[in-house]
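>>> kindly generate the corresponding structure for this input.
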Amino acid sequence: MTTLTKEDFLNIADYEKIRTQKRSEIIQIKKKRSIFIGPDAHVMFENKDTIQAQIQEMLYIEGAKDGQLEDELEAYDALIPNGSQITTTVLFEIPNASLRLEKLSSWGGIENTFFLKINNNKIYAKNADSLERTNSQNKTSAVHFLKFDLSFQEKQDFLKYEALIGFDFNLYSHTASITGLLKQEISKDLL
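Predicted structure coming up:
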């Protein structure tokens with residue numbers, strides 16, 4: 001497993017000197033590693049670079065308080081693919097606040113319907129963290145950290161066959177094809 005350590009991060013002063021350049025670089029990486037599923041679900045396929053950038057930026061913005069780096073490393077470690085996983089951040093991007101509340105309030109459990117389909121095999125995602133993202137009122141969160149654990153054969157099939165990703169939720173049933181540059185990027189996580 002490729003993990004991050006304290007040595008992978010710059011102090012705030014050093015990061016500030018290269019922040020503009022690093023942010024530009026990570027934006028380009030994220031563009032190659034994301035897809036929309038339907039009108040509202042933006043999926044970011046995470047890797048070591050995207051997670052490192054996320055943590056570095058949080059440390060910068062929040063002032064790198066004592067113990068924060070260790071907390072962030074622990075929280076985000078599960079989003080770094082281990083060679084047999086595809087890890088994602090799913091963001092439901094609904095700009096209108098009242099419409100967002102209405103949709104999220106009726107989409108409880110949608111995270112349990114997030115799937116990857118390879119060679120007619122449907123694999124459902126699991127939570128990448130220990131937080132429950134649907135509350136007791138059946139309202140789901142706008143952000144989900146989800147992962148697909150793949151067997152050796154599923155990894156081989158992903159590299160060889162067409163892949164679809166989507167939701168089979170009754171109120172949000174959409175799919176998208178994983179092709180081209182996006183598939184090449186995700187494939188690197190499985191090697």
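>>> what packs against the helix ranked longest in the chain?
If you go by DSSP state H, the chain has its longest helix at helix 12-32. In terms of contacts (3 or more Cβ pairs under 8 Å, 6 or more residues apart in numbering; DSSP states H and E), helix 12-32 is packed against helix 48-62, helix 180-188. Placement of C-beta: from N, CA and C, glycine included.
>>> now the angle between helix 48-62 and it, please.
140 degrees (axes from the mean of the first three to the mean of the last three Cα atoms, to 10 degrees).
>>> worst average pLDDT in the helices and strands packed on helix 12-32?
Among these, helix 48-62 carries the lowest mean pLDDT, at a mean of 92.
>>> in it, what's buried?
Across helix 48-62, burial judged by 16 or more other Cβ atoms under 10 Å covers 50-56, 58-60.
>>> list the helices and strands it packs on?
Packed against helix 48-62, as judged by 3+ Cβ pairs under 8 Å, 6+ apart, are the following elements: helix 12-32, helix 68-76.
>>> where among those helices is average confidence lowest?
Ranked by mean pLDDT, the helices and strands packed on helix 48-62 end with helix 68-76 at the bottom, a mean of 86.
>>> name the residues that touch that one?
3-6, 9, 51, 54-55, 58-59, 62, 129 (Cβ atoms under 8 Å, 6 or more residues apart in numbering).
>>> quick one: the longest helix of the chain to helix 180-188, angle?
120 degrees.
>>> mind listing what's buried in helix 12-32?
Applying 16+ other Cβ under 10 Å to helix 12-32 flags 15, 22, 26, 30 as buried.
>>> show me what contacts the first one?
When you say that, I think you mean Y15. Counted by Cβ under 8 Å, 6+ apart, Y15 has contacts 9, 22, 56, 59-60.
>>> quick one: low-confidence parts of this protein?
Judged by pLDDT under 70, the chain has its weakly predicted residues at 1-2.
>>> and E132, what element?
Following DSSP states H and E, there is no helix or strand that holds E132.
>>> what number of residues lie near it?
11 (other Cβ atoms under 10 Å).
>>> next: T113.
Neighbours of T113 (other Cβ under 10 Å): 17.
>>> need phi/psi at it.
The phi and psi torsions at T113 (degrees, to the nearest 10) take the values phi -110, psi 10.
>>> still on that earlier bit, include distance to L99 when you put the helices and strands packed on helix 48-62 into CSV, please.
Formatted as CSV, the helices and strands packed on helix 48-62 follow (distance: least, Cβ to Cβ, whole Å):
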stretch, distance to L99
helix 12-32, 25
helix 68-76, 30
